[in-house]
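Visitor: test case, fold it:
(one chain, ligands or ions: 1)
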Amino acid sequence: MALRKIRELGDEILTKKCREVKEMTPRLKELVGDMLDTMYDAEGVGLAAPQVGVLKRIVVIDIGDGPIVLVNPRVVSEDGEQEGNEGCLSVPGKAGIVIRPNHVVVEGFDGDMNPVTVEGEELLARALCHELDHLDGIMYTTKVQGELYDTLPDEDDGVEEE
Ligand code: ZN
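Guide: Numbering: from 1, shown residues only. A predicted model of the protein is given here:
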């Protein structure tokens, strides 16, 4: 298990656009494994490569239904609307209200570069949108309705850390 350092808000790399992955190399496989380890260790539900300092279009997500690895993901359809709390491993101790589509369909490739389609509603739709935004250098803090608020440490208040 290898944990990578999670970059935090203010780090320039989080505002940069990521490059497409052309082929899955052993080095990138290791990155995907480390991203999963890092996400689980930090108790997040998603992590994007730029959050560990790599400008590649790769995200990992697990909302409790098992790991999803997406390479070169893109939203192909979205509908509905949901308003809810959102957090980010790159913005520790904070959360805010963000409006997202309630349903999205994402196409991309899995960790072996096989084409995959992932369809998500509610929390999964939110996680997909949040993580895909990271690949274009967009932080959820730019989409928050009103102000960010502090989340209390050591208290499970149901706020999702992504
Ligand atoms: Zn995030």
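Visitor: so the spatially most central residue of the chain is in which element?
Guide: Nearest to the geometric centre of the chain sits residue 131, at 2.7 Å (C-alpha atoms, centre = their mean). Under DSSP states H and E, the secondary-structure element containing residue 131 is helix 122-135.
Visitor: circling back to that earlier point, for the residue nearest to the centre of the chain, list the residues it contacts.
Guide: 46-48, 59-61, 70, 162 (C-beta atoms under 8 Å, 6 or more residues apart in numbering). C-beta here means a position set from N, CA and C on the backbone, and glycine is covered the same way.
Visitor: look up how far residue 152 lies from it.
Guide: In this view, residue 131 and residue 152 are 25 Å apart by C-beta to C-beta, to the nearest Å.
Visitor: got the contact list for the residue nearest to residue 101 when sequence neighbours are not counted?
Guide: Excluding the flanking residues, the one nearest residue 101 by C-beta to C-beta, 6 or more residues apart in numbering is residue 78, at 3.8 Å. Going by C-beta under 8 Å, 6+ apart, residue 78 touches 101, 103-105, 125, 129.
Visitor: give me the beta-bridge partners of residue 78?
Guide: Assessed by DSSP bridges, residue 78 has beta-bridge partners residue 104.
Visitor: buried set for the helix or strand bottoming out on mean pLDDT in the chain?
Guide: When each helix and strand of the chain is scored by mean pLDDT, DSSP states H and E, strand 145-150 comes last, with a mean of 94. By 16 or more other C-beta atoms under 10 Å, the buried positions in strand 145-150 come out as residue 148.
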